[in-house]
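Enquirer: This is a predicted model, with the sequence first.
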There are 2 protein chains.
Amino acid sequence: MGKIRDIDRSSFEPAYIQLVNILRDQIASGEFRPGQRLPSEAQLCQRYQVSPMTVRRAINILIDRGLVSTAQGRGTFVKPIELSTVVFGLDEFTGIFTKNADTKVRLLEVRIVKSDEEIAKRLAIDVSDRAILIRRLILKENEPTIYHKEYLVYDPTRPIVEGEMEVTALYGLFTGTGETALKRGELAIEVTVLDEKEANLLKAPPMLPAFRLEHIFYDFDDRPASWGTFLCRGDRLRFTTTVGLSVNTDEKDIRI
Amino acid sequence: MGKIRDIDRSSFEPAYIQLVNILRDQIASGEFRPGQRLPSEAQLCQRYQVSPMTVRRAINILIDRGLVSTAQGRGTFVKPIELSTVVFGLDEFTGIFTKNADTKVRLLEVRIVKSDEEIAKRLAIDVSDRAILIRRLILKENEPTIYHKEYLVYDPTRPIVEGEMEVTALYGLFTGTGETALKRGELAIEVTVLDEKEANLLKAPPMLPAFRLEHIFYDFDDRPASWGTFLCRGDRLRFTTTVGLSVNTDEKDIRI
DNA sequence: AAGTGGTCTAGACCACTAT
DNA sequence: TAGTGGTCTAGACCACTTT
């Protein structure tokens, strides 16, 4: 059935990548079924005329991708698909910012506020300490799609304030080109329905279901720097992913 | 500031893991800031008395984790955090099945139905071909939490039917121990609100926002075998994740 | 004892970038 | 030209599992 492939030493593709793709194809074609053992690493060295380190590297990549698992002294085994390994990216969400240039960020409000109890708690400051409130509307093809509300710690000595004030500051976060003052973030996704005010801003019917993406970002001193939420119309967003051997990779093979 | 660590050759932890943790800590502490260059691989070999392959392996892990990026001929650089790299696991969702043993699956209905247009389309069969409808209610601590509705291709020659009919068949999918006849799956997450019937089943108020997790699973011949949706009360589910250097890993270090 | 995965070495050679 | 990352070798030694 599947024609036997060798590793092409003249290819621009590294040997370990070629080996990953060969093994992946053998799993995808059903030649190696879930639960079955792969040839031992020594056998793969022999068969494909590569060194143990090269085989090992290929196997490690297959482990990373959840296709196989190894057991010392026993062998390498094909894994059945498993829902608990599934991950969803924010591609569909961040794509709104980056894909087309047809995305506009409209600054609705920038204001200094006295923090209430919740703001103080999230930003680890004292109640009635000052914070900066920023409200933005993100438009996709001139249609309001995401409403963003964010509180920033007000501290002139901390550089993040300057950067975040700009309307385009969001862009860096999404593309990884901008903000370097943030060390880490915590994110959560919930479902909600739009209240009247939110629906108004998003030109949507009230009670429309929506995604709520909450975020807290911390600086390198582990102090909260920003707390806020993105509110995204549920009818304009849908997160998708695959588990197991996605059919797309059959053509393109994996990238380095 | 940060005390200088060496690699402990007597440790049970491999050298490359120790090196990953050392570099990770240096990034987390701000010793290496986003945009800055790390010491060259040759320097790291010298400094930590390990071979180039070991350094390379550590760097590759840091790349995987999104902490650094490399540029041939230029060096290795600390990456700023980036929202487009964020991934959400289904841990909070699958945890309902696996965490406690206090989860029950109640089979509401198993019935053979003639497929309508939508079912036929999803399962790649002809309209009015037979399909198996399974409806389940998943209870967490005796509270109905998830409603699952699934259509299976009806084909006695295909083994999946047998396996899926069992009430506990879901368990394997979540833990990766069970079904070996499935090659891949496509998943999507949407928001919705419960209609009256769904609310009734979940003992929830109608119009409650909810997550809708749709799935199609394919067999090794790339034919759809199952199409269905999980409906999960929005007030009982919240997906969380982190970006950048999560504070938890500081204590535990990374696993192998 | 034999076979398996897991780590590690001390180099080699290549491609690319900066100077 | 010198420095950087990237791949690869041909072994070695170890820990573990199976027979």
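Expert: Alright, I've got the coordinates.

Enquirer: Can you show me the helices along chain A?
Expert: Taking DSSP state H as the criterion, chain A contains helices spanning A:15-28, A:41-48, A:52-64, A:91-98, A:117-123, A:160-165, A:169-175, A:196-201, A:249-252.

Enquirer: how does chain A divide into domains?
Expert: A:15-84+A:243-252, A:91-236 (automatic domain parsing).

Enquirer: quick revisit: TSV for the helices of chain A, including mean neighbour count, distance to B:Leu201 and mean pLDDT?
Expert: All C-beta atoms are positioned from the backbone trio N, CA, C, and that covers glycine. Formatted as TSV, those follow (neighbours: other CB atoms under 10 Å in any protein chain shown; distance: least, CB to CB, whole Å; pLDDT from 0 to 100):
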stretch	mean neighbour count	distance to B:Leu201	mean pLDDT
helix A:15-28	21	38	96
helix A:41-48	15	51	97
helix A:52-64	18	39	97
helix A:91-98	18	29	79
helix A:117-123	15	34	97
helix A:160-165	17	45	47
helix A:169-175	19	39	58
helix A:196-201	14	28	96
helix A:249-252	11	38	42
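
Enquirer: would you turn the ones you listed into TSV with distance to B:Phe12?
Expert: Output for the helices of chain A, formatted as TSV (distance: least, CB to CB, whole Å):
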stretch	distance to B:Phe12
helix A:15-28	27
helix A:41-48	22
helix A:52-64	19
helix A:91-98	39
helix A:117-123	40
helix A:160-165	41
helix A:169-175	39
helix A:196-201	53
helix A:249-252	36
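
Enquirer: Ok, which of these comes nearest B:Val110?
Expert: helix A:15-28 (31.3 Å; CB to CB).

Enquirer: Quick check: which helices or strands does the closest one pack against?
Expert: When contacts are defined as 3 or more CB pairs under 8 Å, 6 or more residues apart in numbering or on different chains; DSSP states H and E, helix A:15-28 sits against helix A:41-48, helix A:52-64, helix A:249-252.

Enquirer: One more pass at 7 Å, please.
Expert: Secondary-structure packing of helix A:15-28 (3 or more CB pairs under 7 Å, 6 or more residues apart in numbering or on different chains; DSSP states H and E): helix A:52-64.

Enquirer: quick check: angle from the helix it packs on to helix B:52-64?
Expert: Angle, helix A:52-64 to helix B:52-64, by axes from the mean of the first three to the mean of the last three CA atoms, to 10 degrees: 20 degrees.

Enquirer: Nearest to B:Asp116, out of the helices of chain A?
Expert: Nearest to B:Asp116 among the helices of chain A is helix A:91-98 (28.4 Å), distances taken as CB to CB.

Enquirer: and the closest one, how far from the chain's centre?
Expert: A distance of 10 Å separates the centroid of the chain from that of helix A:91-98, by CA atoms, centre = their mean, to the nearest Å.

Enquirer: same check, this time on stretch A:139-153
Expert: 19 Å.

Enquirer: just stretch A:81-96 next, same as before
Expert: 7 Å.

Enquirer: Ends of that stretch, what's the gap?
Expert: Using CA to CA, to the nearest Å, one end of stretch A:81-96 lies 30 Å from the other.

Enquirer: Same check on stretch A:55-74?
Expert: First-to-last residue span, stretch A:55-74, CA to CA: 17 Å.

Enquirer: Is that stretch in proximity to DNA strand D?
Expert: Yes: judged by CB under 7 Å from any atom of the strand, stretch A:55-74 comes into contact with DNA strand D at A:57, A:71-74.

Enquirer: Can you list the low-confidence ranges for the stretch 101-250 of chain A?
Expert: Applying pLDDT under 70 to the stretch 101-250 of chain A picks out residues A:101, A:156-179, A:247-250.

Enquirer: Name the nearest of the residues of stretch A:55-74 next to DNA strand D relative to A:Thr241.
Expert: For the residues of stretch A:55-74 next to DNA strand D, the nearest to A:Thr241 is A:Arg57 (25.8 Å; CB to CB).

Enquirer: Tell me who's in contact with the residue nearest to that closest one when sequence neighbours are not counted.
Expert: With CB to CB, 6 or more residues apart in numbering or on different chains as the criterion, A:Arg57 has its nearest non-adjacent residue at 4.4 Å, and that residue is A:Tyr16. By CB atoms under 7 Å, 6 or more residues apart in numbering or on different chains, A:Tyr16 lies in contact with A:54, A:57-58.

Enquirer: Quick check: A:Tyr16 vs B:Leu237, distance?
Expert: According to CB to CB, to the nearest Å, A:Tyr16 and B:Leu237 sit 40 Å apart.

Enquirer: what do you get for A:Val110?
Expert: For A:Val110, the distance to B:Leu237 - CB to CB - is 34 Å.

Enquirer: Whatever residue of the stretch 1-150 of chain A ends up closest to chain B - how many residues pack around it?
Expert: Going by CB to the nearest CB, chain B is nearest to A:Glu82 of the stretch 1-150 of chain A, at 3.1 Å. Residues near A:Glu82, counting by other CB atoms under 10 Å in any protein chain shown, number 19.

Enquirer: and the residue of the stretch 51-200 of chain A nearest DNA strand D?
Expert: Per CB to the nearest atom of the strand, A:Gly73 is where the stretch 51-200 of chain A lies closest to DNA strand D, at 2.4 Å.

Enquirer: Up against DNA strand D, what does chain A have?
Expert: Residues of chain A found near DNA strand D (CB under 7 Å from any atom of the strand) are A:14-17, A:49-54, A:57, A:71-74, A:256.
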